[in-house]
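1. A predicted structure for the sequence below; I have some questions about it.
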There are 2 protein chains.
Amino acid sequence: MGYEIHALASCEAFTVIVITGASRGFGQAFALAFAKQRALLDDTHIQMHLWARDIDGLTQTAALVGNECKNDAMITIEITTTQVDMNNRIDYSGKIESFLASTKEIDPIQVIIVHNAGTLGEIGLVQDLSSIEMLQDHMELNVSSVMWFNKRFLDLFGTRDSTAQVSTGKNSHIIVNISSLNAIEPFATCNTYCVIKAARDMHHRVIAIEQGNIVKTLNYAPGPMDTNMQLELRESKHTNEKLKNMFNQLKANNTYVDTLTSATLCIKHVYGTNFVSGSHVDYYDIA
Amino acid sequence: MGYEIHALASCEAFTVIVITGASRGFGQAFALAFAKQRALLDDTHIQMHLWARDIDGLTQTAALVGNECKNDAMITIEITTTQVDMNNRIDYSGKIESFLASTKEIDPIQVIIVHNAGTLGEIGLVQDLSSIEMLQDHMELNVSSVMWFNKRFLDLFGTRDSTAQVSTGKNSHIIVNISSLNAIEPFATCNTYCVIKAARDMHHRVIAIEQGNIVKTLNYAPGPMDTNMQLELRESKHTNEKLKNMFNQLKANNTYVDTLTSATLCIKHVYGTNFVSGSHVDYYDIA
């Protein structure tokens, strides 16, 4: 489904951005933050691909991005929305193939992948885990699908020589893994979430050392934000009491991190001079 | 299959030890190290359960342990070997149930689980990953099966109150996760291995904060040892060249860490005063 602002100038360079989980919360904020920070991008032709399960939410995100850029005569932004289920191997792998094939064709100067889709899994003590099946589904949705996306992306855009420099006129491609404090710090009753976040961080650290300047990665922990995930943690009867009190206090005091603020900081960091490939950066490190 | 040394004194307290991947390499060394360090255990009735796919290797390990203890009139050691496939959900979950049911029945004063079984997965760059199926199998064998074992163990032996102290006459139960430097440091061409090791470490860190003094965990990185895993890395044409050179040098200089030395150090650390539940301890930290 296309949502095009201005006509495409097909002979010029493109920056391609894909954001998963872009129908709401932090993913939606990330898309909007990119639109607002578009001056940071090196070229004026942007393809933004928004992925999520919820097509209505995606349409809303596309409208927000379109609206942000509509009076900008300098920029061409093409927005596509893709309904995808990261729980469904056939569905997501097919969509990864289509996306990469069309992206390869336009030979972009920079591709930015934002792996934002993710789930908490089950809240509860380690012994509250319900089944091996659940755990394996959680692994696929949150880790294996991300690793597969990166594998196929690197097949087409990666290097096999970690000392390789990007060729002139090209930028490093960038993979942003939306991480969490839980990738580096365990929380009681957040076993399934901590595990997949630690696994994802490590995967992106491996890419960083394998890909040199060709593909850089960032593990970005956006800080506690008042998203559906937080609501789930505040409302579950299995959430550790101390943790729940902390989250309730953030809510009561209105001190949750704003999604747009956090996404904006992340994008500025990626285009700033302090960005170190493979690093884990927390909102509070750079706020 | 039982392998019993001395008659069992059924009215006395037991220490139960289970070691996975005990048919060879580090797992075998760990079993032998426990036998050699048996004086560290608080009681003289030990059940040692050896698990692996290879029954011949298990028999060999049982013989080594039996031989080590055969002239010790003070100790009763009962050894069982269990052929188990951690790739097969039906097989391993059934064996976990049987093991836990019989263990619960004897009401041991201490249970020690050593999660040593593990695989490298695929050696190669992130883009060399062969399939989502392979990755999911790798996750189950190395992470989900371990998490399931711990879940069921904690159902029976864990606490729901992390401030709980162990009751008098009981020791903390201990879960040793055989970890790796790769749980905390990425290596090029070791993507699948790094990811599962990071995930396992985090899972055991979560248990540590949930279980207080009732069940303690240790993430132990045993150092580079000349096991089948190292052979695989030295021989694969996909291993990063720098890494391969490093391993070849360890081999040529005969400076690999000895499996029995490393296992012994780990056991002494677990029974020592510096053991902090949830910590990642490397052989070189304590050697």
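-> Okay, I see it. Numbering: from 1, shown residues only, chains lettered A, B, ... in the order given.
2. just the strands in chain A please.
-> For chain A, applying DSSP state E gives strands covering A:2-5, A:15-20, A:45-52, A:76-83, A:110-115, A:173-178, A:215-221, A:279-282.
3. residue for residue, what is the longest helix chain A has?
-> helix A:191-211 (DSSP state H).
4. so that helix versus strand A:110-115, what angle?
-> 160 degrees (axes from the mean of the first three to the mean of the last three Cα atoms, to 10 degrees).
5. contacting residues around the residue of chain A most remote from its centre?
-> Taking Cα atoms, centre = their mean, the residue of chain A most remote from its mean C-alpha position is A:Q127, at 30.3 Å. Residues in contact with A:Q127 (Cβ atoms under 8 Å, 6 or more residues apart in numbering or on different chains) are B:151-152, B:154-155, B:158, B:160. No exception for glycine: its C-beta is placed from N, CA and C like everyone else's.
6. the same query, at a cut-off of 6 Å, please.
-> B:151, B:154-155, B:158 (Cβ atoms under 6 Å, 6 or more residues apart in numbering or on different chains).
7. which of these come close to chain A?
-> Contacts with chain A within the contacts of A:Q127, counted by Cβ under 6 Å from any Cβ of the partner chain: B:151, B:154-155, B:158.
8. which of those residues fall in helices?
-> Judged by DSSP H, helices contain the following of the ones next to chain A among the contacts of A:Q127: B:151, B:154-155.
9. chain B contacts on chain A?
-> A:89, A:125-127, A:129, A:132, A:135-136, A:139-140, A:144, A:148, A:150-151, A:154-155, A:158, A:186, A:188, A:191, A:194-195, A:198-199, A:202-203, A:205-207, A:209-210.
10. buried ones among those residues?
-> In terms of neighbour count (16 or more other Cβ atoms under 10 Å in any protein chain shown), the buried residues within the residues of chain A next to chain B are A:89, A:125-127, A:129, A:132, A:135-136, A:139-140, A:144, A:148, A:150-151, A:154, A:158, A:186, A:188, A:191, A:194-195, A:198-199, A:202-203, A:205-207, A:209-210.
11. give me the number of residues near the residue nearest to A:R234 when sequence neighbours are not counted?
-> The spatially closest residue to A:R234, leaving aside those adjacent along the chain, is A:F247, at 5.0 Å (Cβ to Cβ, 6 or more residues apart in numbering or on different chains). Using other Cβ atoms under 10 Å in any protein chain shown, A:F247 is surrounded by 19 other residues.
12. I'd like the distance between A:F247 and chain B.
-> 17 Å (Cβ to the nearest Cβ, to the nearest Å).
13. quick one: pLDDT of that residue?
-> You'll see A:F247 listed with a pLDDT of 97.
14. got the contact list for it?
-> A:230, A:233-234.
15. give me that answer again for 8 Å
-> A:224, A:230, A:233-234, A:239 are the contacts of A:F247 under Cβ under 8 Å, 6+ apart.
16. repeat for A:I175
-> Applying Cβ under 8 Å, 6+ apart, the residues near A:I175 are A:112-113, A:115, A:150, A:153, A:204, A:207, A:215-218.
17. where's it relative to chain B, distance?
-> Going from A:I175 to chain B by Cβ to the nearest Cβ gives 10 Å.
18. repeat that for A:K95.
-> Counting by Cβ to the nearest Cβ, the separation of A:K95 from chain B is 13 Å.
19. please apply the same query to A:A29.
-> Counting by Cβ to the nearest Cβ, the gap from A:A29 to chain B is 27 Å.
20. pLDDT weak spots in the stretch 1-150 of chain A?
-> Along the stretch 1-150 of chain A, segments meeting pLDDT under 70 span A:1-12.
21. and with 80 instead?
-> Applying pLDDT under 80 to the stretch 1-150 of chain A flags residues A:1-13, A:42.
22. identify the residue nearest the residue in it that chain B sits nearest to in space, chain neighbours excluded?
-> Closest to chain B within the stretch 1-150 of chain A is A:Q127: 3.8 Å, counting by Cβ to the nearest Cβ. Computed as Cβ to Cβ, 6+ apart, the closest residue to A:Q127 that is not its neighbour in sequence is B:L154, at 3.8 Å.
23. ok, now which ones touch that neighbour?
-> Contact analysis of B:L154 by Cβ under 8 Å, 6+ apart lists A:125-127, B:207, B:211, B:215.
24. now render those residues as a markdown table, adding distance to A:G94.
-> Converted to a markdown table, those look like this (distance: Cβ to Cβ, whole Å):
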| residue | distance to A:G94 |
| --- | --- |
| A:L125 | 37 |
| A:V126 | 35 |
| A:Q127 | 38 |
| B:I207 | 38 |
| B:Q211 | 43 |
| B:V215 | 44 |
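25. which one of the residues you listed sits closest to B:Y283?
-> Nearest to B:Y283 out of the contacts of B:L154 is B:I207 (Cβ to Cβ; 22.0 Å).
26. look up how far chain A lies from that closest one.
-> Here B:I207 is placed at a distance of 5 Å from chain A (Cβ to the nearest Cβ).
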